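Asker: Take a look and give me a structure for this.
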Amino acid sequence: MNFAREVEQPIYYDKIEVGTRCADFIIENSVVVELKAIIQLEDVHLAQAKNYVVAYDFKTALLINFGSAALQYKHVFNPKFGK
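Answerer: Numbers count the residues shown, from 1 in each chain. This is a model prediction of the structure:
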């Protein structure tokens, strides 16, 4: 399985590049994987995964948290593609 770690994506404001963001992993050039090790996933983490899936123009992303008592995960879809 092909993957890349910390793939940079440019951030634009008013058509001017103002910085970059990095997803933890890109799998098979089609799925964003964002990993966390925190007590509880929060809305801000879900928003980050949604932002990545749209920014990379992929259909889906996985948000995985290894820090809680039980494994937590969210499957995130790009609204452009639907479910």
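Asker: could you say what helices and strands the strand or helix carrying Val76 packs with?
Answerer: Val76 is part of strand 72-77, with elements assigned from DSSP states H and E. Contacts defined by 3 or more C-beta pairs under 8 Å, 6 or more residues apart in numbering; DSSP states H and E place strand 72-77 against helix 43-55, strand 60-65. C-beta here means a position set from N, CA and C on the backbone, and glycine is covered the same way.
Asker: For that strand, C-alpha coordinates in PDB please.
Answerer: C-alpha atoms of strand 72-77 as PDB (Å, rounded to 0.1, in the frame of the first residue of the first chain):
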ATOM      1  CA  GLN A  72     -12.100   6.200  18.600                       C
ATOM      2  CA  TYR A  73     -12.400   6.900  14.900                       C
ATOM      3  CA  LYS A  74     -14.500   9.000  12.500                       C
ATOM      4  CA  HIS A  75     -15.000   8.400   8.800                       C
ATOM      5  CA  VAL A  76     -15.200  11.800   7.100                       C
ATOM      6  CA  PHE A  77     -16.500  12.500   3.700                       C
END
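Asker: what angle separates it from helix 43-55?
Answerer: 30 degrees (axes from the mean of the first three to the mean of the last three C-alpha atoms, to 10 degrees).
Asker: which parts of strand 72-77 are buried?
Answerer: Within strand 72-77, the residues that qualify as buried are Gln72, Val76, counting by 16 or more other C-beta atoms under 10 Å.
Asker: next one: stretch 10-29
Answerer: Across stretch 10-29, burial judged by 16+ other C-beta under 10 Å covers Ala23, Asp24, Phe25, Ile26, Ile27.
Asker: measure the closest residue to the third one other than its chain neighbours to Ile16 for me?
Answerer: With C-beta to C-beta, 6 or more residues apart in numbering as the criterion, Phe25 has its nearest non-adjacent residue at 4.1 Å, and that residue is Val33. Relative to Ile16, Val33 is positioned 29 Å away (criterion: C-beta to C-beta, to the nearest Å).
Asker: for Glu28, same thing?
Answerer: Glu28 sits 31 Å away from Ile16, going by C-beta to C-beta.
Asker: what bits of the chain have low per-residue confidence?
Answerer: Low-confidence segments of the chain (pLDDT under 70): 83.
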